[in-house]
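Predicted coordinates and the sequence they were generated for:
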Amino acid sequence: MIIGVRHCLVALVLALAAIDAQEVPISTPIPGSFAIPFQLPLANGSMYSFDPRAISRPLVGFVHSEQDPFSRQVLQREDQLTAFFLQDPAPNVDVLALGVDDQSQHRVQKVLQAAVAKLQPAQQQFWQDRMLFANASVLALNSTAPSLVTLVQQWVTLKRQITWTTHSTSESVDRLDGIFQYCNIVEWDNHSPSSPLESYPPGGAPLVLVDNACGTTASLQGQFALVHMSQGTCTPDQAAKAVIKQGARGVLLLANSSDELVLLGQGLSSRFKGSSSADYCCIFLGSFEDQGLWDGNDDHGFCSMLPASASLLAAVKSGEGVNITYTTTPRLGAYFGFDHLGRYSEMGSPLNPTLMLVGWHAQYLEYLQRLDYNLSQPALTVPVFHPAIGEQASVVVNMPDTRGFNDLEMESRLSCEGAFDLDCDMWDHVHTVSVTCIDDHGELTVDNELLGALGEQDVQPSELGRWITPYRRRVGHWVTPSKQYLAQFSNAKSCNFTLAASDNGHPWVFELTLRFLQDNQSAPLVQGQPTHLFRLFNTSSQSTFDKTYNDRPTLSVPAPTTSGLHCYISAIITGHGSMEFLPSRHTFEVNGKLNVSVAYMEPLDQLGCAKKVREGVEPNGHGAIWFGRDGWCNGWKIAPWVVDITSAILPGENNKIRYFAEQYNVTTNQFTEPNASNGYMRLTSNLVFSITSST
């Protein structure tokens, strides 16, 4: 029996279900299991048939609710509607838009069809062929699509609310949280309680009224403040910022009766400009610079807007004492999907209101479809971890004869115990795998190995691969090109693989398989057949990215004299701590005459990691997954950087290799010497020689 946060949530929803249990299958739809077929009458008069045995393309869906401020914002943000319909390339995925009631169904169809009508003719045709609108609200579809109704009934989303109480009254009002990272958000991000069903803060907190938010000078230290957005008051963002500036722990803006709720922080995003030393305080303000209201403290920076509530306003003004908690209430599932094999697929976390939640889900399902096709190609597979559960694992693998293969890739999967995303760990950590191999004579196939225990922050020189865990997602599946490591395995009799990870008590389930290929048709990073591999620089004992980071000796590596010789540097590099959101540049100097560099500029792009969903980044994690990072993203493999240095190599001689790194100064827009005492690098690098045949 699988027990987890999501199962508790499903149990709660089943207890609240309004549909007769005899009309709905009682089995819980489990992500990754095959879906039950259904038929769906569409608004255009046709019938959509879903059968996992005959699926033409993946399907993503969402259920709109006009009663949910978050859901309304998804349709009101025109820039995000444009971003969805102008995805380039557009995902070849069907999109099903449903409504919780007739009003919601009419609204979602009207808004999305209007957005499609603004597109160019070819784009219009593309989306008209893929946008599906039911002819009735979701609960009215039970006769033809009972399995779909079951899915949205059990895969609920949680409508965000504020529950306020006095000695005689208790009421709940809907809330619209500001953009995450501009504001802190309860329940939906990795800084929240482990269960989104928990109220916050425990036991509640008193609410104080602020009459003139932008003119207040009184200390609000540690308070939750209510601001009534009456006529003549400053803008919502100005009011929220002024209250937080006075030390408030959180701010609730109460709308006038006729006003639509405002999404705080919308439109304030811009390129991240932190301090040149990448102080950690600035990271949490992320792309919002000094305009952000959140300082990174888990207990501060909450900002939300509430619909007009005469009873709440009167209670606060009466002075009888109002206590508040941030709460949630289930509503019919807002997001779901079916992959190319007809299996149930979770969307992830609806952290910020944008239709790109659906867009990123669609992109990832299309990525998984391409990945499955690529993995169907012939290969000699060598299982390594199947699976490894937890923070440490080691296995000795007897290796087959791989000398007839000319390419190598690593297939990896990352999931967690349980069945749903919410059963997974909430933080991003490193998974690193190292390997040492011996040949028939008991000799190491690569010299200069460092044996011993692994730690997450310090990687081994013998590192084979690196992965970053997601914020509570369980659908990681990747292939990492690894031809440069063929030399290590070609004469190996057995290899010892070691995994080091971190999981905060919620174990990850990691799988790793080596795939040896012949006549790979894709353009390889390394030409010819790898024959020698030498360890270069690593951060096993020197990782802090300060002024001492570049104090490293120049290495001397002998080169073979074989004709057809090629030489490459392969490196796995990621920046962490205060370097997570600051670019770094890494340079290898070869024989004093060639400098090759790689610069990770993605931290300057607030959507740097969201743009890589098509390449395998797990989307919609329970945290700010979209920000670019220094050489990595949450829920992704780390692809080695491979560069050709053949032109600078001296065959038959010792070759001098020097390495140094720099950090980016966002004030001068230039790279400078490392000075981030709270930042560190994880680096492993190798020199690879390969031979191309003359025939």
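Looks like it came in fine. Numbering: from 1, shown residues only.

how many neighbours does the closest residue to residue 614 other than its chain neighbours have?
Distance criterion Cβ to Cβ, 6 or more residues apart in numbering; nearest residue to residue 614, sequence neighbours excluded, is residue 363 at 5.2 Å. No exception for glycine: its C-beta is placed from N, CA and C like everyone else's. The number of residues packed near residue 363 is 25, by other Cβ atoms under 10 Å.

And the pLDDT at residue 363?
On pLDDT, residue 363 comes in at 98.

Give me the contacts around the longest helix along the chain.
Identified as the longest helix of the chain according to DSSP state H is helix 356-375. Residues from elsewhere that reach helix 356-375 (Cβ atoms under 8 Å, 6 or more residues apart in numbering): 58, 60, 62, 74, 80, 83-84, 87, 91-93, 95, 335, 337, 339-341, 345, 347-348, 350, 411, 475, 477-479, 515, 610, 613-616, 618-620.

Give the buried residues for that helix.
The neighbour-count check on helix 356-375 (16 or more other Cβ atoms under 10 Å) flags 356-369 as buried.

Which residue ranges of the stretch 251-400 of the chain form helices?
Listed in chain order, the helices found in the stretch 251-400 of the chain under DSSP state H, counting those that start in this stretch are 280-283, 310-318, 356-375.

could you dump those helices to JSON lines with distance to residue 148?
Shown next, in JSON lines, are those (distance: least, Cβ to Cβ, whole Å):
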{"stretch": "helix 280-283", "distance to residue 148": "42"}
{"stretch": "helix 310-318", "distance to residue 148": "37"}
{"stretch": "helix 356-375", "distance to residue 148": "16"}
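
closest one to residue 569 among those?
Nearest to residue 569 among these is helix 356-375; the distance by Cβ to Cβ comes to 26.2 Å.

how about the closest one as PDB, C-alpha atoms only?
Provided in PDB are the C-alpha atoms of helix 356-375 (Å, rounded to 0.1, in the frame of the first residue of the first chain):
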ATOM      1  CA  MET A 356       2.400  28.100 -20.000                       C
ATOM      2  CA  LEU A 357       1.800  25.700 -17.100                       C
ATOM      3  CA  VAL A 358      -0.100  23.700 -19.800                       C
ATOM      4  CA  GLY A 359       2.500  24.600 -22.500                       C
ATOM      5  CA  TRP A 360       5.500  23.300 -20.500                       C
ATOM      6  CA  HIS A 361       3.600  20.200 -19.700                       C
ATOM      7  CA  ALA A 362       2.900  19.700 -23.400                       C
ATOM      8  CA  GLN A 363       6.500  20.300 -24.300                       C
ATOM      9  CA  TYR A 364       7.700  17.700 -21.800                       C
ATOM     10  CA  LEU A 365       5.300  15.100 -23.000                       C
ATOM     11  CA  GLU A 366       6.600  15.700 -26.600                       C
ATOM     12  CA  TYR A 367      10.200  15.400 -25.300                       C
ATOM     13  CA  LEU A 368       9.400  12.000 -23.700                       C
ATOM     14  CA  GLN A 369       7.900  10.800 -26.900                       C
ATOM     15  CA  ARG A 370      11.000  11.700 -28.800                       C
ATOM     16  CA  LEU A 371      13.200  10.100 -26.100                       C
ATOM     17  CA  ASP A 372      11.300   6.900 -26.300                       C
ATOM     18  CA  TYR A 373      11.800   6.700 -30.000                       C
ATOM     19  CA  ASN A 374      15.500   7.300 -29.700                       C
ATOM     20  CA  LEU A 375      15.800   4.600 -27.000                       C
END
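
gap between that helix and the chain center?
14 Å (Cα atoms, centre = their mean, to the nearest Å).

Same question for stretch 470-477.
8 Å.

rewinding a little: tell me the one among the buried residues of helix 356-375 nearest to residue 648.
Using Cβ to Cβ, the buried residues of helix 356-375 come closest to residue 648 at residue 367, 36.7 Å.

Distance-wise, check that closest one relative to residue 92.
11 Å (Cβ to Cβ, to the nearest Å).

Residue 462 now?
41 Å.

Can you say which helix or strand has the closest residue to residue 493 other than its chain neighbours in it?
With sequence-adjacent residues excluded and distances taken as Cβ to Cβ, 6+ apart, residue 493 is closest to residue 440, at 5.3 Å. Using DSSP states H and E, residue 440 sits in no helix or strand.

Correct me if wrong: residue 440 contacts residue 492.
No - at 9.2 Å, residue 440 does not count as touching residue 492 under the criterion of Cβ atoms under 8 Å.

what about these two, which has more around it?
More crowded of residue 440 and residue 492, by other Cβ under 10 Å: residue 492, with 23 against 9.

wait, the more buried one sits on residue 437?
Yes - counting by Cβ under 8 Å, residue 437 is a contact partner of residue 492 at 3.8 Å.

in the sheet, who's paired with residue 664?
residue 671 (DSSP bridges).

count of residues packed around it?
Neighbours around residue 664, by other Cβ under 10 Å: 24.

Could you check how far it is from residue 138?
For residue 664 relative to residue 138 (Cβ to Cβ), the value is 48 Å.

And for residue 665?
53 Å.

A strand includes residue 498, no?
Yes - when DSSP: H, G, I helix; E, B strand; the rest coil is applied, residue 498 is found to be in a strand.

who's it bridged to?
residue 394, residue 434.

residues near the residue nearest to residue 662 when sequence neighbours are not counted, how many?
Spatial nearest neighbour of residue 662, excluding adjacent residues (Cβ to Cβ, 6+ apart): residue 671 at 3.9 Å. Residue 671 is flanked by 17 other residues according to other Cβ under 10 Å.

Give me the distance between residue 671 and residue 601.
10 Å.

Over to residue 421?
30 Å.

Have a look at those two and say which one is more surrounded.
residue 421 (25 against 13).

pretty sure residue 689 is touching residue 529, no?
No - counting by Cβ under 8 Å, residue 689 sits too far from residue 529 to count as a contact (10.0 Å).

Which one's more surrounded, those two?
Counting neighbours by other Cβ under 10 Å for residue 689 and for residue 529 shows that residue 689 has the greater number, 25 against 20.

which element is the closest residue in space to that one that isn't next to it in sequence on?
Spatially, and ignoring its direct neighbours in sequence, residue 689 is nearest to residue 532 (4.2 Å; Cβ to Cβ, 6+ apart). According to DSSP H and E, residue 532 maps onto strand 529-538.

which residues sit against that strand?
By Cβ under 8 Å, 6+ apart, strand 529-538 touches 406, 446-449, 459-463, 483-488, 490, 552, 555, 557, 560, 562, 569, 571, 588, 657, 659, 683-693.

and after that strand, which helix or strand comes next?
strand 555-558.

Given that following strand, what are its sheet partners and their directions?
Strand 555-558 is paired, per DSSP bridges, with strand 654-665 (antiparallel).

Give me the distance from the strand it pairs with to the chain's centre.
30 Å.

Stretch 249-259 too?
31 Å.

quick one: terminal-to-terminal distance for it?
This stretch, stretch 249-259, spans 25 Å end to end (Cα to Cα, to the nearest Å).

could you give the mean pLDDT of it?
89.

Give me the distance between the residue nearest to residue 493 and residue 446.
Counting by Cβ to Cβ, the gap from residue 440 to residue 446 is 15 Å.

that older thread, who has more neighbours, residue 665 and residue 138?
A direct count of neighbours by other Cβ under 10 Å for residue 665 and residue 138 places residue 138 higher, at 24 against 18.

Leaving out chain neighbours, which residue sits closest to that one?
Per Cβ to Cβ, 6+ apart, closest to residue 138 is residue 98, 4.6 Å.

Would you verify that that neighbour is located in a helix?
No - counting by three-state DSSP, residue 98 falls outside a helix, being strand.

Pairing-wise in the sheet, spell out the partners of it.
residue 63.

quick one: the residue nearest to residue 662 from residue 389, how far?
41 Å.
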